[in-house]
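Novice: This is a predicted model, with the sequence first.
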Amino acid sequence: MRNLHTLSLAQIPENRLGLDDIPGSEEKELVGNFLSQFSQLSSLQHLSLNGISLARRHMKLLLRNLKTPLESFSITHCRLFQSHLKHLSRCERLHQLKHLDMCGVPLSCLRMKPLRVLLEKVANTLETLGFQGCGIKDSQLSVLLPALSQCSQLTKVDFYFNDFSVNVLRDLLRHTANFTKMTTEQYPIPLECYDEFGYFSRESVVQLCRELMDTLRAMRQPKDMSFAAVLCGSCLKRRVYDLEARVCPCLQ
């Protein structure tokens, strides 16, 4: 498989890699042997780990065995530890990424400095960035903003379903003022739109999202920009406010 360019591993829970009913010591050895085979994939450019649970030492082993710079790296819908982020930021094979996707990875309790370091490393090459559904908070995004502002090659960002206030969203847009290549921008509806029970009104969404769009339009013209909340329980459609001021029909 030396000519393999793309590898996708999906839905392998609890570090078992499909190995059932074997002693823990044997499993650790087999997992280590499996991950060591990455060193043979000398043409690998695209790696996707979806729903994969890797122990701290196994993440380090996987990254250490990468032999070529990756063009795209997707690690989604899984739990990461602080040490995982540290290993990601230090892996030289990830420092030329064009595409980074971490959607569905809970990040609310983790420190963002390693991710900031990784974004700084890929600032000259990164084209798409996915942080959908990560639960990132204002303070965490503020840590990332200086690095994000350097990623001028970005064409798409996805921040849907995170916890940002209108002020921090405004700061985020200002940090992307010079991103002339941006074609698709996806942001969460500001926290100020919600009441204490998690409900929001159409009026709040329209007002605040329009203000944010006006903030960006004063700096550059967005091509495809939208703000979204969770799926509507009535129509099962995503509540969206975009450039055409469309919202979920249930909020009409």
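Specialist: Nice, I can see it.

Novice: so where do the helices sit in the chain?
Specialist: 24-36, 56-64, 82-90, 113-121, 138-148, 166-175, 202-217 (DSSP state H).

Novice: Using PDB, write down the CA coordinates of the fourth one.
Specialist: Just to be clear, that refers to helix 113-121. What follows is helix 113-121, C-alpha atoms only, in PDB (Å, rounded to 0.1, in the frame of the first residue of the first chain):
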ATOM      1  CA  LYS A 113      -2.600  27.100  23.000                       C
ATOM      2  CA  PRO A 114      -1.600  23.900  21.100                       C
ATOM      3  CA  LEU A 115      -4.200  24.500  18.500                       C
ATOM      4  CA  ARG A 116      -3.000  28.100  18.100                       C
ATOM      5  CA  VAL A 117       0.500  26.800  17.500                       C
ATOM      6  CA  LEU A 118      -0.800  24.400  14.900                       C
ATOM      7  CA  LEU A 119      -2.700  27.100  13.100                       C
ATOM      8  CA  GLU A 120       0.400  29.300  13.100                       C
ATOM      9  CA  LYS A 121       2.300  26.400  11.500                       C
END
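
Novice: who does it touch, helix- and strand-wise?
Specialist: Using 3 or more Cβ pairs under 8 Å, 6 or more residues apart in numbering; DSSP states H and E, the elements in contact with helix 113-121 are helix 82-90, helix 138-148. (Each C-beta comes from the backbone N, C-alpha and C, glycine too.)

Novice: Highest mean neighbour count out of those helices?
Specialist: Comparing those by mean neighbour count (mean count of other Cβ atoms under 10 Å), helix 82-90 comes out on top with a mean of 18.

Novice: can you give me the offset of it from its chain's centre?
Specialist: In terms of Cα atoms, centre = their mean, to the nearest Å, the centre of helix 82-90 is set 15 Å apart from its chain centre.

Novice: Give me the angle between it and helix 113-121.
Specialist: 10 degrees (axes from the mean of the first three to the mean of the last three Cα atoms, to 10 degrees).
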